[in-house]
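J.: No letters, just coordinates:
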């Protein structure tokens with residue numbers, strides 16, 4: 001329950017999550033739930049904390065068909081914080097993939113280190129709702145009480161807003177960090193040309209985010225979309241016998 005004078009926590013739920021029963025569970029926990037088709041993620045705690053909910057089985061299969069890394073990249077490029085909620089017994093499911101356990105554990109580590117994602121383990125929908133309600137309550141009195149506008153482009157008349165919009169488009173960069181970056185470098189051109197060390201020195205960036213920014217700036221554009229499978233991610237041909245890895 002919200003204490004007197006405290007705003008009720010709000011959560012944006014993707015419309016496709018209605019069947020899970022979680023939005024109604026959240027409402028029973030005194031959370032304001034706003035149904036909306038989200039561009040990425042299943043739930044959004046304002047201002048920009050995104051949650052992706054997956055069953056343990058789907059989480060593991062998404063590692064192998066390449067969906068996980070593609071999705072993590074998109075979510076990380078849209079929101080400042082990303083949390084995966086894995087429902088079910090992950091380690092029980094892992095036994096069905098015992099020949100690739102090392103790769104799966106490595107992929108989990110990559111999800112955390114490369115995409116700066118956090119992982120929560122849940123027994124089921126009710127515990128997932130409790131996680132969401134608890135985290136939303138901690139953000140309940142932050143920021144404006146108005147609706148969150150997702151992916152809004154600034155007006156053409158505002159050069160400052162366009163500059164902030166461009167910097168916020170980089171992975172892991174929120175509004176406050178974008179402002180620090182522009183205050184430090186003074187222009188988008190100086191930001192684009194900054195060294196890794198200069199970027200990492202900005203409060204809120206650090207080496208991991210700075211590395212992702214430089215990788216994005218230097219990466220050549222490729223037409224079409226090709227998913228990175230787990231075997232390709234580890235540069236190991238599919239079906240290779242386990243004893244050949246030694």
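T.: Thanks, I have the structure now. Computed from a prediction, not measured in an experiment: that's the story for all the values here.
J.: C-alpha from now on. contacts and neighbour counts both.
T.: Noted.
J.: Ramachandran angles for the residue nearest to the spatial centre of the chain?
T.: Centroid-nearest residue in the chain, with Cα atoms, centre = their mean: residue 82, separated by 2.9 Å. Backbone geometry at residue 82, expressed as degrees, to the nearest 10, gives phi -130, psi 130.
J.: Now do the contacts for it.
T.: Listed by Cα atoms under 8 Å, 6 or more residues apart in numbering, the contact partners of residue 82 are 49, 50, 51, 52, 75, 76, 116, 117, 118.
J.: switch to 10 Å and redo it
T.: By Cα atoms under 10 Å, 6 or more residues apart in numbering, the residues touching residue 82 are 41, 44, 48-52, 72, 75-76, 112, 115-119, 172.
J.: Sort out for me which of these are in helices.
T.: Judged by DSSP state H, helices contain the following of the contacts of residue 82: 72, 75, 76, 112, 115.
J.: Looking at those residues, which two lie furthest apart in space?
T.: For these, with distances taken as Cα to Cα, the pair at the greatest spread is 75 and 112 (13.3 Å).
J.: ok, the two, which is more surrounded?
T.: Set side by side, residue 75 and residue 112 show more neighbours around residue 75, with 24 against 15, by other Cα atoms under 10 Å.
J.: Once you drop chain neighbours, what's closest to the more buried one?
T.: Of all residues not flanking residue 75 in the chain, residue 40 sits nearest, at 5.7 Å (Cα to Cα, 6 or more residues apart in numbering).
J.: all helices for this structure, in order.
T.: Under DSSP H, the chain gives helices at 22-28, 56-65, 67-78, 90-94, 101-115, 125-138, 159-168, 175-185, 188-193, 196-200, 206-218, 230-233.
J.: Redo these as a markdown table? Include mean pLDDT and distance to residue 10.
T.: Shown next, in a markdown table, are the helices of the chain (pLDDT from 0 to 100; distance: least, Cα to Cα, whole Å):
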| stretch | mean pLDDT | distance to residue 10 |
| --- | --- | --- |
| helix 22-28 | 96 | 10 |
| helix 56-65 | 81 | 26 |
| helix 67-78 | 77 | 19 |
| helix 90-94 | 82 | 29 |
| helix 101-115 | 79 | 25 |
| helix 125-138 | 93 | 6 |
| helix 159-168 | 83 | 23 |
| helix 175-185 | 88 | 20 |
| helix 188-193 | 93 | 34 |
| helix 196-200 | 92 | 33 |
| helix 206-218 | 88 | 28 |
| helix 230-233 | 50 | 36 |
